[in-house]
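Trainee: Here you go, sequence then predicted model.
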Amino acid sequence: MPATFLLEAYLTGGAATLEPLVAKARRAAEAACEAGVPVRHVRTFLAPDDEMSFHVFQAASAADVARAAQLGSLDHDRITEVIE
Amino acid sequence: MPQEIAGRDAELELARAWLAQPGARALVFAGEAGIGKTTLWRQCVDEAKAAGARVLVTAPSDVESGLPYAAMADLFRPLLPEMLDSLPARQRRALAAALVLEDDGSTLLDERAVAFAALTALRETAGEQQLVIAIDDVQWLDPSSALALSYALRRVAAEDEVRALLARRTTDGAVPRSVVDAFPPEQIETLHVGPLSLGALHRAIRNALGAPLARPALVRIHEASGGRPLHALELARALSRASQQALPAGGVDELLRNRVAALPDPTRHALLVAASSTDSSLATLDALLDGSAERALAPALEAGLVRVVDRTARLTHPLLADAVVADAGPEEVASVHRTLAATARTVEERALHLARATGEPDASIAASLDEAVASARARGAPSTAADLAELAAAVTPADDEGARLRRVLDAADAAFVAGDVDRARTLFASIAAERHPLRYRALWRLGVVLDETVGADAAMGPLLEALGTGDQALASAVHRSIAQLLLFTGDLLSALEHAAAAVSAADRSGAAVELAYSLGVLAFVRHLSGQGDWRSPLELALVHERSTPLPSLDLCPSAVAADIYRLSLELDRARAAYSHLRDLAAGQQDVGVEAWAGYGLAQVALLSGRLADAGRLAHERLDLSEQTGMMRLPALRCLAHHAVLTGDVDGARQLLADLVTESEELGELLNLRGALVIEGQLALSLGDTTSAVHTLRRARLLAEQQHVGHDSRLLPLADEVEALALAGKAGDAVPLVSLLENAQPPWAAPLAARAAGLVAAARGDLAAAVSRLRAATQSESALPLPLEQARSWLALGRTLRRAKRRGEAREALNEALRRFEALGVPLWAAQAEQELGRISGRAPAHSGLTPTERQVAGLVAAGRSNKETAAALFLTVKTVEVTLTRVYRKLGVRGRGELAARHDGLLKQ
């Protein structure tokens, strides 16, 4: 049964828009799936004042989310399991 | 490879753009303690080095801010000894003495000499490479380094490619702005380094500690640290070690103290030594720790509390030094400072450590600080001397009030020399309010400060009160100050009384120094007022000067003698006196007096008609003023006067326009008056009498307003009379002629005769005019100014021509022309030629070329370039070009070749 994970990332370079980050997160998930690691991107949101982005993924484990992030060059600072 | 610094992308991008920008001058990272300025600054230092720049680095600490030239020694250390060897001898000695590399035996180094040497050192070092002066924590820069560096940085040209990279702590007490303000505001790029965002802080913590934080902890850390990364890291470390999640109540201070306390004793001791010492190089620490510095520091290195950069131990957190000291306790701190005092390299360092070894008053420590004050003054660091003197006063035992007040007085004197007049005034006033004999000395000094900063009225009260002293040497000095003040306000009779009283008091005191100065001032006042014999006191003053070392060359007998001789037109003696003074000043590294004496020599050369010497001296004055920032306006005046005399009309007009503008902007009314006098002379020599009248009148009114000495007004007065007479305003000239006729000096008589003659001529009484003008030429030996003598002949010739006495007129005008040509003053020569032309109706000789035009034509026809011609004749290249255009037009030629051919023909004629 997949669990839900929150990936927190510092927004390097300052202000960012949502769409490119969403696209990046989706590509990360796709890359993981292609590599045989099932990961689904759920949503992405920003906290611009904190210079942070938050991505919600569903996967079997935090390690799978980390693998997806690595494959998708999605920089991150923390991955924690959350309950929706 | 440039490193990433979390949260600082924007700052790094701006900093890199600055590094790459040609002609960029200063970049300042400004922000609170712990905000990460040093990290950014260090990254820029590394990137500048990687880009091929030569980078001189210093990171002064609080401890070093009390030592003279500590930062400059740091900066220049990698350049020694080659840098010193490249300096001219005088500058090398000044810099070596300031940096305590050599003891040249100077009793008092002028800080301007050190600053001047620093400027030359930077220029020599810049050479082919870009030079970056990198200073971290610029708020701790010692005042003497700040002064010298700001002086030097302000004067390096853009093409020298010297720039400054600074980090400055804000909100932490007073920040010495002098280095930052060395550059014009538009050349300073300031990057305000602000707090990190939550995300950036998280990234910084993760990079440093390798593990992320839960959001609640991150938020608390962000709040507690205010977004300051160094503080946040400490808090994050504490949370990662603690079992509870609460942050310590004492914040980062408490955390750092706990971390220090957890270290082994030898490590804590080594950290205390490093934090307390002005030199935390591993070599020095090894010497202080019996060779065990690296071993002792190892745990602190591992804990990230210290890092080693360029073999120097540096604490990693700005609050760590306080934590180390608090942990050690007062006894250990005192012991370390006593050890550091025993191994100190300089008197100042030793005294500071002794003072820090105890917070209690201690007579021997105060005495050590007295030595440090003297040493700092001798090294040209008066601001540091003032700080040390105040510290000495603070540690003086309560039962020795006299010593305490004396030290406060020393601090005030040093502050005044350093230009901190507010501090000096406050300190002097505090002593003046005490019931102690020293108050009289303080009143005197307060009066001097008030005279310079507020005005004579404010100064007189304290000065008169200071005369209540029973100390005759002091009374003499006070009377002298009052005499000088009254000279300026124009009350010559009262000045005379006080000057005489100064001599009497000096005599009673038996103090040879006071006697030397007082006799000199008496001579000066008698000369200016025309009352009494001035030669005897002056000669006596010079005798005393030869046998008594004087503490200052300002208003010393030689300086007084030089001025008196110049004003009396005893020009040979004046030249000898100024030369002697210049040599004395050079020997004492007194750049100010040296510049002043050089200016006097230039003026004497101009008056004597030695125009080649005058041109050379005037250019030397300007060069020196551009290098030192001193006496620029007088240097420009010399050049302008020379340009007027040598007929460089365009050059003179440009110089005068600059002079008038700058003088008006700076409120330098004496220099403005000097410029107007020269402008009036230019107009007169061009025959523009309307401009001459207007300009010389304005100069006269300024002279009256500024209480310019009477004798100094006479030559411009004579010019004004001539302008008025030639402009048909003889009536306005009559009162001015009276002033000349009633003037004291014997050399005024020929001037007065000429002036009276010109007025008579203007009124149509040609017979009387000729009579007065002949008298002027016949008494010319009383007026040892060759140009003025020649002008009298011109005036006579002109008047004889009007009287239709052609033969006599021709004789007088030829005499004038011969003299003008011998002097090399083409504008006046042209006037004589014109008058001669009016007698005979013939065109002037030499195809209408003026003497300057003939000189330029001759050199160019002989194959010299415009630049070579300009150098040979002390003209600007532009003036040579303009003159050449006129020559071509007059001779009807089109170029250098035709000029050469035509010139040969002219010579044959």
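Mentor: Perfect, I can see it now. Residues are numbered from 1 along each chain as shown, chains lettered A, B, ... in the order given.
Trainee: remind me which residues of the stretch 101-250 of chain B are low pLDDT?
Mentor: Scanning the stretch 101-250 of chain B for pLDDT under 70 picks out B:102-108, B:157-159, B:171-178, B:242-246.
Trainee: out of everything not next to it in sequence, what's closest to residue B:439?
Mentor: Excluding the flanking residues, the one nearest residue B:439 by CB to CB, 6 or more residues apart in numbering or on different chains is residue B:432, at 5.1 Å. The way it works is simple: take the backbone N, C-alpha and C, and place the C-beta from them, glycine included.
Trainee: cool, residue B:740 as well?
Mentor: Distances taken as CB to CB, 6+ apart place residue B:752 nearest to residue B:740, at 3.9 Å, with adjacent residues excluded.
Trainee: Just say helix, strand or coil for the one you found.
Mentor: What DSSP: H, G, I helix; E, B strand; the rest coil gives for residue B:752 is helix.
Trainee: Neighbours of it, how many?
Mentor: 24 (other CB atoms under 10 Å in any protein chain shown).
Trainee: Contacts for the helix or strand encompassing residue B:219, please.
Mentor: Following DSSP states H and E, one finds residue B:219 within helix B:215-225. Outside helix B:215-225, the residues that touch it by CB atoms under 8 Å, 6 or more residues apart in numbering or on different chains are A:8, B:34, B:198, B:201-202, B:205, B:213, B:231-232, B:235-236, B:239, B:245, B:247, B:251-252.
Trainee: residues in contact with the residue nearest to residue B:740?
Mentor: Residue B:752 sits next to B:718, B:737, B:740, B:741, B:743 when contact means CB under 8 Å, 6+ apart.
Trainee: The last one reaches residue B:710, doesn't it?
Mentor: Yes - at 7.0 Å, residue B:743 counts as touching residue B:710 under the criterion of CB atoms under 8 Å.
Trainee: Chain A: helices as residue ranges?
Mentor: Here chain A has its helices, by DSSP state H, at A:18-34, A:62-71.
Trainee: what angle separates the shortest one from helix A:18-34?
Mentor: Spelled out, that is helix A:62-71. Relative orientation of helix A:62-71 versus helix A:18-34 (axes from the mean of the first three to the mean of the last three CA atoms, to 10 degrees): 110 degrees.
Trainee: So which residues make contact with helix A:62-71?
Mentor: Helix A:62-71 is contacted from outside by A:5, A:7, A:28-29, A:31-32, A:35, A:37-39, A:57, A:59, A:74-76, A:79-81, using CB under 8 Å, 6+ apart.
Trainee: Return the residues in contact with residue B:413.
Mentor: B:424, B:445.
Trainee: how about the residue nearest to the spatial centre of chain A, what does it touch?
Mentor: Nearest residue to the geometric centre of chain A (CA atoms, centre = their mean): residue A:55, 4.1 Å. Neighbour list for residue A:55: A:6, A:7, A:9, A:21, A:25, A:41, A:43, A:44, A:74 [criterion: CB under 8 Å, 6+ apart].
Trainee: Take those residues and keep only those in strands.
Mentor: Mapping the contacts of residue A:55 onto strands (DSSP state E) picks out A:6, A:7, A:9, A:41, A:43, A:44.
Trainee: ok, the residue nearest to residue B:707 when sequence neighbours are not counted - how many residues close by?
Mentor: Leaving out its chain neighbours, the residue that sits closest to residue B:707 by CB to CB, 6+ apart is residue B:490, at 4.1 Å. By the criterion of other CB under 10 Å, residue B:490 has 14 neighbours.
Trainee: circling back to that earlier point, PyMOL command for the buried members of the contacts of helix A:62-71?
Mentor: Selecting the buried subset of the contacts of helix A:62-71 in PyMOL, with 16 or more other CB atoms under 10 Å in any protein chain shown as the burial test, is done by:
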select buried, chain A and resi 5+7+28+29+31+32+37+39+57+59+74+76+79
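Trainee: Restricting to the contacts of helix A:62-71, which residues neighbour chain B?
Mentor: For chain B, the contacts drawn from the contacts of helix A:62-71 by CB under 8 Å from any CB of the partner chain are residue A:80.
Trainee: Which one of the contacts of residue A:55 is nearest to chain B?
Mentor: residue A:9 (7.7 Å; CB to the nearest CB).
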